[in-house]
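**Student:** Provide a 3D model corresponding to the input given below.
(one chain, ligands or ions: 1)
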Amino acid sequence: MSQSADVVVVGAGALGAACAYFAARQGMRVHVLERAQIASGTTSAGEGNLLVSDKEAGPELDLALYSRDVFRDDLAEYGRLWEFDGKGGLVVSATESGADALAELTVRQRASGIEVTNLEGTQLRDYEPHISPALRAGAFYPQDAQVQPMLLAGHLLRLARDLGAVVQTNTAVIGIIRNGDRVTGIQTSAGAISAGAVVNAAGAWAGVVAELAGVQLPILPRRGFVLVTEPLPLTIHHKVYAAEYVTNVLSSDEGLQTSPVVEGTGSGTVLIGSSRERVGFNRTISVPILAQLAAKAIALFPILASVKVMRSYLGFRPYCPDHLPVIGHDPRAPGLWHASGHEGAGIGLSVGTAKLLIQALSGQPTDLDLSAFRPERFDHP
Ligand SMILES: Cc1cc2nc3c(=O)[nH]c(=O)nc-3n(C[C@H](O)[C@H](O)[C@H](O)COP(=O)(O)OP(=O)(O)OC[C@H]3O[C@@H](n4cnc5c(N)ncnc54)[C@H](O)[C@@H]3O)c2cc1C
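**Tutor:** Numbers count the residues shown, from 1 in each chain. Purely as a prediction, here's the structure:
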């Protein structure tokens, strides 16, 4: 093999970029391979929220709080590069039963370290002046934040390159080389690269990459649409979403679920989601789904009824059946590591995942226990 690296990273989305950065920061020789362009996968299709509000107590919440700290501490000096905005999230309910369920959720979350303020319906306008007066209750989460996902991936890779990493786009990994059991490198259309470790950060395609090493990962695409309005003067100040969104996130149903998620951006556009369905990698636009999203957003913010939609886009969340990502070493193929399957939270969880993965890969104790995320858990549940 003509080229070699300590770590080859497959995929240049948020996860691959973050892994490359933390590996390069450790002094490792890093080579990133991306079959298309930087952030051309799901990372270009997300809203970029760093949410703790939509998580129940458990390993994913622990990872979300950890990742938030990595953004705010380790990467604090770069936050402006990816438009880090600690704007907070507002969860609302229009029904009495929804308000009760939200109040119960906040009790559990507060016990797990989440900061949250419960609000009466009449208090919601203090946070969002244009919100519907019909809403009964809500909760404000000051720890929720947002970044611009493509800027995050692009700048992390630039920072990694400044530390010596090689980033190769338009080059697909078509094989994973094994010597006996051990993974020793990868094969691309442009030649082979030997590696001490291979990190699979191929997002919704991570199962296909794992298969190249002869191991199974049950990662599937979960499609989502987003509507983008024309730019407005600042109208919506926080991430605002309906309480039923949390139930939809946790659902394993293949069928369509929609719940209103609305937020303003620095450029003035308003992003409107969210839909979830498992329909493979089907890229056909669905006007009925977009119409549902628009109607539900207008129910939250009646002012949006007179606003034009500029465009829509879709992406494929990398979904795991137990809604947890796959992070860590794969004992079925020694030398292969995974940082994939983060579903609808991969931007928020990216930098925490990467820091932990590189700690493990370099033989250090990890700041969080990674056993809930182990790649082989689906073989022996
Ligand atoms: C509508 C929608 C809204 C979302 N909103 C949010 C949000 O608000 N907050 C949040 O945290 N997350 C959100 N997400 C989820 C988030 O976007 C994903 O979890 C995240 O982008 C996954 O990043 P990744 O790097 O794992 O995958 P990707 O960005 O898909 O990167 C994987 C890369 O691997 C490359 N690749 C695949 N196979 C190969 C190969 N054989 N060789 C070389 N390269 C390969 C692909 O081309 C791709 O660029 C949302 C997703 C959607 C669809």
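
**Student:** Residue 355 and residue 105: what is the separation?
**Tutor:** Computed with CB to CB, to the nearest Å, the distance linking residue 355 and residue 105 is 28 Å. Every C-beta, even on glycine, is put in place using the N, C-alpha and C of the backbone.

**Student:** more crowded one of the two?
**Tutor:** A direct count of neighbours by other CB atoms under 10 Å for residue 355 and residue 105 places residue 355 higher, at 23 against 20.

**Student:** so who does the more buried one touch?
**Tutor:** Applying CB atoms under 8 Å, 6 or more residues apart in numbering to residue 355 gives the contacts 18, 22, 70, 74, 367.

**Student:** so which of the residues you listed comes closest to the ligand?
**Tutor:** Proximity of these to the ligand was ranked by CB to the nearest ligand atom; the top entry is residue 18 with 8.2 Å.

**Student:** Point out the residues in the stretch 201-350 of the chain that sit beside the ligand.
**Tutor:** In this structure, the stretch 201-350 of the chain approaches the ligand at residues 201-205, 209, 224, 226, 273, 315, 317-318, 340, 342-348, judged by CB under 6 Å from any ligand atom.

**Student:** repeat that with 5 Å
**Tutor:** Taking CB under 5 Å from any ligand atom, the part of the stretch 201-350 of the chain that reaches the ligand is made up of 202-203, 205, 224, 226, 315, 317, 342, 344-348.

**Student:** Can you name every helix or strand that the helix or strand bottoming out on mean pLDDT in the chain contacts?
**Tutor:** For the chain, counting by mean pLDDT, DSSP states H and E, helix 244-250 ranks last in confidence among helices and strands (a mean of 75). In terms of contact count using 3 or more CB pairs under 8 Å, 6 or more residues apart in numbering; DSSP states H and E, helix 244-250 is assigned the packing partners strand 257-264, strand 270-276.

**Student:** Give me the nearest residue to residue 152, chain neighbours excluded.
**Tutor:** residue 82 (4.1 Å; CB to CB, 6 or more residues apart in numbering).

**Student:** Please apply the same query to residue 12.
**Tutor:** Spatial nearest neighbour of residue 12, excluding adjacent residues (CB to CB, 6+ apart): residue 34 at 3.6 Å.

**Student:** per-residue pLDDT, the residue lying closest to residue 143 once chain neighbours are set aside?
**Tutor:** Once flanking residues are discounted, residue 143 sits nearest to residue 52: 5.0 Å by CB to CB, 6+ apart. You'll see residue 52 listed with a pLDDT of 96.
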